[in-house]
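K.L.:
my questions are about this predicted structure, shown below with the sequence.
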Amino acid sequence: MWFPGRSVLLSTLTLFLGTVIAAPTTIIERADISILSAAQVESYTPYTLFAKTGYCAPSITLAWSCIYSAVCKQLSGFKPVASGGDGGVVQYWFVGYYPATSSIVVVYQGTDPNKIVPLLTDANFTFATPSQSIFPGLTSGAQVHNGFYNAYALSQASVLAAVKQASTTYSTKKITVVGHSLGAALATLSAASMKLRLGSGYTFKVVGYGKPRVGNQAWVTWVDNNLTDLTRVNNKDDPVPILPGRFLGYVGSQGEIHIQDDNDWASCPGDDNTSAGCTVADVGNILIADGADHLGPYNGISMGGCEVS
């Protein structure tokens, strides 16, 4: 089994392993679980490619000169507006316009196994109350992962400015926010913050891959009610979507799609759906997880590293 920053992750997991194993999940079957069609699965490919491209440095994403063949072919016409981050202290990010969906696209880098700061960010399980200056009007009691929040705060002003610029340039208020791993957590925080700051005229779509739990129940309730077009795709026995543990007060939001061992994509409605075939039931604790699944593949596309052709 291989996983980015495995030693760092395992050292933090020992804090709650006993609790997870001692309190096995109660399986509650839900009849509304459904299997996505091949066409539905394929519809996620552009978002998967965007998430993969989030691992590329700003100089590459801003130039967007044939990053690699699949991107050139399937994300044709994408127009970059701004890119930033250093891949260490500040996660890479980029903003642009995608004519196929008439949408501004915001992409955040996932966890880079070669950079220790993001790994330590992932390992910080304490809660933070989001600042009203970044999340104006967020419901009282909503708390989020302290490390994720701090990581988002480092780039939030630049990303917001780029989104406003793109909105003016391309005359659209449709925003799609994408990321893998830590990038998926940042994507959710970003969409929530922008919805609160940009107003009701904007619409948001969020697609995350291998996303960890971001906040407490009050946070998730707000997300479920306000980011209604949200998907989080979990691959097989990936341990990250079950972290941080629910016993710590963390909750997974709605929109789960679980890629099962037979490669079927199962739609699992609700928050942390505990039905067999969904992540909470199938990956009951990290001892039965496989960290290699964190990088995919997601319908044939694997995350991690920037490919340039």
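P.N.:
Cool, got the structure. Numbers count the residues shown, from 1 in each chain.

K.L.:
which SS state does Val163 fall under?
P.N.:
The three-state assignment at Val163 reads helix, by DSSP: H, G, I helix; E, B strand; the rest coil.

K.L.:
which ones are touching it?
P.N.:
Listed by Cβ atoms under 8 Å, 6 or more residues apart in numbering, the contact partners of Val163 are 95, 104, 106, 175, 194, 198. For every residue, glycine as well, the C-beta is placed using N, CA and C.

K.L.:
just the ones of the residues you listed in strands?
P.N.:
Of the positions in those, 95, 104, 106, 175 sit in strands, assigned by DSSP state E.

K.L.:
and the third one, how far is that from Asn146?
P.N.:
Think Val106. Distance, Val106 to Asn146, using Cβ to Cβ, to the nearest Å: 22 Å.

K.L.:
please say which of these two ends up with more neighbours.
P.N.:
Using other Cβ atoms under 10 Å as the criterion, Val106 and Asn146 rank with Val106 on top: 30 against 15.

K.L.:
so where do the strands sit in the stretch 151-300 of the chain?
P.N.:
Assigned by DSSP state E, counting those that start in this stretch, the strands in the stretch 151-300 of the chain fall at 174-180, 203-209, 230-235, 256-259, 265-268.

K.L.:
what ranges does the stretch 51-200 of the chain have for its helices?
P.N.:
58-63, 69-74, 116-122, 146-170, 182-198 (DSSP state H, counting those that start in this stretch).

K.L.:
just the stretch 201-309 of the chain next, same as before
P.N.:
Under DSSP H, counting those that start in this stretch, the stretch 201-309 of the chain gives helices at 217-226, 279-282.

K.L.:
make TSV from those and add mean neighbour count, mean pLDDT and distance to Val41 to it.
P.N.:
Output for those, formatted as TSV (neighbours: other Cβ atoms under 10 Å; pLDDT from 0 to 100; distance: least, Cβ to Cβ, whole Å):
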stretch	mean neighbour count	mean pLDDT	distance to Val41
helix 217-226	18	98	24
helix 279-282	23	94	17
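
K.L.:
about what we covered before: can you put the strands of the stretch 151-300 of the chain in TSV and add mean neighbour count?
P.N.:
Output for those, formatted as TSV (neighbours: other Cβ atoms under 10 Å):
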stretch	mean neighbour count
strand 174-180	26
strand 203-209	25
strand 230-235	26
strand 256-259	24
strand 265-268	22
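
K.L.:
make CSV out of those and add mean pLDDT and distance to Asp290.
P.N.:
Compiled in CSV, the strands of the stretch 151-300 of the chain are given as follows (pLDDT from 0 to 100; distance: least, Cβ to Cβ, whole Å):
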stretch, mean pLDDT, distance to Asp290
strand 174-180, 98, 17
strand 203-209, 98, 16
strand 230-235, 98, 9
strand 256-259, 98, 12
strand 265-268, 97, 18
